[in-house]
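S.K.: I would like to see how this sequence folds:
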Amino acid sequence: MSKVPITGQPAITFAEACDRGLVREENQDSVLRATIPLGHLLIVADGIGGYQGGAVASRMVVNEFHQYLAALPPDYPVDQAIAEAASRTNDSVIAAASAPDSQYQHMGSTVVMALLQQHPTGPRAWIGHIGDSRAYLVRGGRLNRITNDHSAVQALLNRNLITPEQALNHPDASVLTRSIGHQAQVEPDMEIVHLQPNDRILLCSDGLWGYVSEQEFERIAVDSSLEPASMAKALVDLALDAGGHDNIGIELAFILDPASKTARKLAPVKTRRRLHPLQFLALCIFAFGVLAGLISFAYLHHWFLGSNPPQAAPTQASPDQAAPTSPDSQPPFLRPGSTPKPGKKDTHPAAVIPTPSPTNSGSAKPNPASSGPADSGPAKSNPAHSGPADSPSSQLPVPPAPVKPAPQTPASDNPALPRQTHDQPESKDSTPNEKGPK
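M.R.: I've put the predicted structure just below:
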């Protein structure tokens, strides 16, 4: 038994059996199942015309049908494909039988075949046959015959000239009106069956239906507890129990209900794909390269920018609030005459520009310790300090960006102060000594 699960469609399982029987010395029946581009192919052939000739003919039939249909593309018209396969097979059997040194002058064969296809509307089966090998459909607990025999007895039945009971023992029961190898031109009869879940297709030779009534093997065919392989064996045993007077060939196809346990077992299971060793090695190299690149980027980013954090945006002071900056209070790389050494990075920390309190260049700041009113006269300058008055917060370093000094208002009674040179030592106390009123 074989199983063919198809994603999105009901699963189909298959089984076959072929037995010589209890009387014949040679098995002249042949069966075949194969998956081809057109679908799933099932064939049963029953040879006629002698012991060796019948076996050779049935094997030629299944092989010729399979070889021709397997070579066709999946979109080839199925009815045309079956007709062409039958014609080609018939020509081959006739040629082999008519050869001068052939021992099989009258060999021939019957054939019944099913081609199962998955279709957007559901699975369907193309049934073709020549001769008296039959195809049955099991649906809804009933056995339904699909094919109509190409035999003399069936012709009489079609004309209502005999009854089914008379047909069982009719002397012309083995006479065929159509077979492969006995007519120059032969055409198969074809039917299309749209399959449903729980349907079953049964193909068999006359070794089953010719010796066992349809009512008897219907009991086995409709048994839902039987698997395909078990059913095929049960049908063969039924024919053997009836005497086994002929060869028995059987092909079975089960259309499973998606909700059944068997269909769930056949459903495709998603498995994790294992990497090939070379793929795993390439993945490791790629991951190592990405990691090395991130580490290098982080190191270079720290080397260039890590020691010089982002500087605060300079605050532009208003002209009346800005005070001149002492050269000594500036960082070394901004002092006049200083030149940064080549190859050295700027590691001077960012500075925050203070907002000096407004002062008058011509008047002194009142002494907080004095309890009297502030002197409105001119303040005495500190001889130890040669630069302009600075608040303690002005000693903080300024940012690298140049600061535009605010223009000073010259005083008529205050002479210009001398500019402090770069080499002059910085005053310890940058706040001018101011005296309160006497």
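S.K.: Please point out which parts of the one helix or strand Ser92 maps to sit buried.
M.R.: Secondary structure assigned from DSSP states H and E places Ser92 in helix 78-97. Judged by neighbour count (16 or more other Cβ atoms under 10 Å), helix 78-97 contains these buried residues: 78, 81-83, 85-87, 89-94, 96-97. C-beta coordinates here come from the backbone N, C-alpha and C atoms, glycine included.
S.K.: tell me what it is packed against?
M.R.: helix 51-70, strand 108-117, strand 124-130, strand 189-194 (3 or more Cβ pairs under 8 Å, 6 or more residues apart in numbering; DSSP states H and E).
S.K.: Tyr68: what's it in contact with?
M.R.: 81, 84-85, 88-89 (Cβ atoms under 8 Å, 6 or more residues apart in numbering).
S.K.: which among the residues you listed gets closest to Leu256?
M.R.: Ala81 (26.5 Å; Cβ to Cβ).
S.K.: Rounded mean pLDDT for the lengthiest helix in the chain, please.
M.R.: Assignment by DSSP state H gives helix 277-301 as the longest helix of the chain. The pLDDT scores in helix 277-301 average 84.
S.K.: Next, the buried residues of that helix.
M.R.: Of the residues in helix 277-301, none is buried (16+ other Cβ under 10 Å).
S.K.: Same question for stretch 243-251.
M.R.: Neighbour count says stretch 243-251 has 244, 246-251 buried, by 16+ other Cβ under 10 Å.
S.K.: Of those residues, which belong to strands?
M.R.: 248-251 (DSSP state E).
S.K.: which among these gets closest to Ile192?
M.R.: Closest to Ile192, out of all of those and judged by Cβ to Cβ, is Glu251, at 18.0 Å.
S.K.: tell me the pLDDT at the closest one?
M.R.: Glu251 is given a pLDDT of 98.
S.K.: That one and Val31 touch, don't they?
M.R.: Yes: using Cβ atoms under 8 Å, Glu251 makes contact with Val31 at a distance of 5.6 Å.
S.K.: Between those two, which contacts overlap?
M.R.: 16, 43-44.
S.K.: Looking at neighbours, which among those is most surrounded?
M.R.: Ranked by neighbour count (other Cβ atoms under 10 Å), the shared contacts of Glu251 and Val31 have Val44 at the top, with 32 neighbours.
S.K.: Paired strands for the helix or strand containing that one, with orientation please.
M.R.: Using DSSP H and E, Val44 maps to strand 39-48. With DSSP bridges as the test, strand 39-48 is paired with strand 29-36 (antiparallel), strand 108-117 (antiparallel).
S.K.: Please point out which parts of the shortest one sit buried.
M.R.: For strand 29-36, burial by neighbour count (16+ other Cβ under 10 Å) applies to 29-33, 36.
S.K.: Show me the helices in the chain, by range?
M.R.: Ranges of helices in the chain, per DSSP H, are 51-70, 78-97, 152-158, 164-168, 206-209, 214-221, 228-241, 261-266, 277-301.
S.K.: now the angle between strand 39-48 and the second one, please.
M.R.: This means helix 78-97. When axes from the mean of the first three to the mean of the last three Cα atoms, to 10 degrees is applied, the directions of helix 78-97 and strand 39-48 differ by 30 degrees.
S.K.: Quick check: which ranges of the stretch 251-400 of the chain have low pLDDT?
M.R.: For the stretch 251-400 of the chain, the stretches flagged by pLDDT under 70 are 260-275, 302-400.
S.K.: Throw the helices and strands packed on helix 78-97 into JSON lines and include distance to Asn160, thanks.
M.R.: Below are the helices and strands packed on helix 78-97 laid out as JSON lines (distance: least, Cβ to Cβ, whole Å):
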{"stretch": "helix 51-70", "distance to Asn160": "32"}
{"stretch": "strand 108-117", "distance to Asn160": "25"}
{"stretch": "strand 124-130", "distance to Asn160": "23"}
{"stretch": "strand 189-194", "distance to Asn160": "20"}
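S.K.: Out of these, indicate the one that is most buried.
M.R.: Most buried of the helices and strands packed on helix 78-97 by mean neighbour count (mean count of other Cβ atoms under 10 Å) is strand 108-117; its value is a mean of 26.
S.K.: Reformat the strands paired with strand 39-48 as a markdown table; add distance to Ser205 and mean pLDDT.
M.R.: What follows is the strands paired with strand 39-48, written out as a markdown table (distance: least, Cβ to Cβ, whole Å; pLDDT from 0 to 100):
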| stretch | distance to Ser205 | mean pLDDT |
| --- | --- | --- |
| strand 29-36 | 5 | 97 |
| strand 108-117 | 7 | 97 |
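S.K.: Of all these, which one is nearest Asp237?
M.R.: strand 29-36 (16.2 Å).
S.K.: and the nearest residue to Leu202 once chain neighbours are set aside, what pLDDT?
M.R.: Using Cβ to Cβ, 6 or more residues apart in numbering and skipping the chain neighbours, the partner closest in space to Leu202 is Tyr136 (4.2 Å). Per-residue confidence at Tyr136 stands at 98 (pLDDT).
S.K.: which residues does Tyr136 contact?
M.R.: Contacts of Tyr136 by Cβ under 8 Å, 6+ apart are 143-146, 201-204, 221.
S.K.: before we move on, what about Ala167?
M.R.: Taking Cβ under 8 Å, 6+ apart as the test, what Ala167 contacts is 153-154, 156-157, 173.
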